[in-house]
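Asker: Predicted model and sequence below, questions to follow.
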Amino acid sequence: MQALYLLQSGAAESISHVARILGHNRITVQRWLCEYRQGGLEYRLSPRAHGGRQAFILPAVQTALRKRLKQPRGFVTYQDVVDWLATEYGITVNYWVVYDLVRRRWKAKLKRPRPSHALQDPKALEDFPKQLAHRLSLAVGVAPDLHLRDWVEDESRFGLKPISRRRVTAKGVEPIAMQHWRFKWGWRGLCRILCKRSIIRIMEEIALCYASSKPRIGWMRYWPVITARKRYWVRLVY
């Protein structure tokens with residue numbers, strides 16, 4: 001439009017003069033005028049398709065990848081994103097193409113995950129705080145006059161904790177790492193309150209567990225114990 005105005009108003013004497021005023025090359029201004037002569041003003045102002053190569057990752061695949069990044073488990077590394085695209089959609093993409101899309105454009109970065117047990121029951125996790133007060137009231141009602149003679153002084157837990165590595169998730173999504181802990185509990189020390197005796201001993205290969213079945217006598221007076229050989233109930237002395 002500016003080139004046409006300059007030529008029609010006489011402010012510019014030639015195409016080269018118009019090019020110098022507008023700061024463009026003479027060939028570019030000449031191409032504009034040729035397009036105007038061929039299709040008129042509407043053709044010249046209509047939007048054009050931009051050049052450049054086609055995107056490596058199609059929009060539909062990008063939508064699926066965004067949905068996958070919004071899941072709490074995410075990806076362990078950006079290379080896992082490359083492998084996921086190759087496995088799910090058969091697309092072979094360079095690592096840095098994925099990194100530029102996921103990290104720089106979508107802001108999905110590596111984050112320290114919140115550990116969660118692999119066998120965790122989401123429904124039980126939600127119901128626990130709701131039923132806690134009721135269960136405690138039942139426990140107190142079983143043996144309100146219970147008097148203990150022996151008291152365990154300390155408890156130790158032995159085992160290896162899995163390493164939690166960072167995971168790639170979408171912006172604003174907190175990652176969760178599924179882990180399977182395997183610990184053993186041991187009692188260390190036994191204090192006899194009445195006679196003031198203290199027995200320092202570690203009970204070997206003992207792990208506490210919560211049994212689904214309860215003994216006939218009040219379950220608050222028993223503690224379920226499992227050993228390497230057999231399982232038995234230990235009665236608390238009172």
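Answerer: Right, received. Where do you want to start?
Asker: List the buried residues for stretch 26-39?
Answerer: Val29, Trp32, Tyr36 (16 or more other CB atoms under 10 Å). Where C-beta positions appear, they are placed from N, C-alpha and C, glycine not excepted.
Asker: what's the answer for stretch 9-18, then?
Answerer: So stretch 9-18, judged by 16+ other CB under 10 Å, has buried residues Ala12, Ile15, Val18.
Asker: For it, the averaged confidence score.
Answerer: Mean pLDDT, computed over stretch 9-18, is 77.
Asker: Could you list the alpha-carbon positions for it in CSV?
Answerer: What follows is stretch 9-18, C-alpha atoms only, in CSV (Å, rounded to 0.1, in the frame of the first residue of the first chain):
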residue,chain,number,x,y,z
SER,A,9,1.3,10.7,-5.3
GLY,A,10,4.5,11.4,-7.1
ALA,A,11,6.6,11.2,-3.9
ALA,A,12,8.8,8.6,-5.5
GLU,A,13,10.1,8.9,-9.1
SER,A,14,10.9,5.2,-9.7
ILE,A,15,10.8,1.7,-8.2
SER,A,16,14.3,2.1,-7.0
HIS,A,17,13.4,5.3,-5.3
VAL,A,18,10.4,3.5,-3.6
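Asker: rewinding a little: just put the buried residues of stretch 26-39 in a markdown table and tack on distance to Gly172.
Answerer: Shown next, in a markdown table, are those (distance: CB to CB, whole Å):
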| residue | distance to Gly172 |
| --- | --- |
| Val29 | 48 |
| Trp32 | 46 |
| Tyr36 | 49 |
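Asker: Show me this structure divided up by domain.
Answerer: The record's domain parsing of the chain by automatic domain parsing lists 2-45, 59-108, 116-235.
Asker: Mind telling me which of the ones you listed the model trusts least?
Answerer: Among the domains of the chain, domain 116-235 carries the lowest mean pLDDT (a mean of 61).
Asker: Tell me where this protein has helices.
Answerer: Under the criterion DSSP state H, the chain contains helices at 2-9, 15-22, 26-45, 59-69, 78-89, 95-99, 122-142.
Asker: just so I know, which of these lies nearest Ile176?
Answerer: Minimum separation from Ile176 across these (CB to CB) falls at helix 122-142, 11.2 Å.
Asker: Give me the helices and strands touching the closest one, please.
Answerer: Here helix 122-142 touches no other helix or strand, going by 3 or more CB pairs under 8 Å, 6 or more residues apart in numbering; DSSP states H and E.
Asker: List the buried residues for that helix?
Answerer: Result for helix 122-142 [16+ other CB under 10 Å]: no buried residues.
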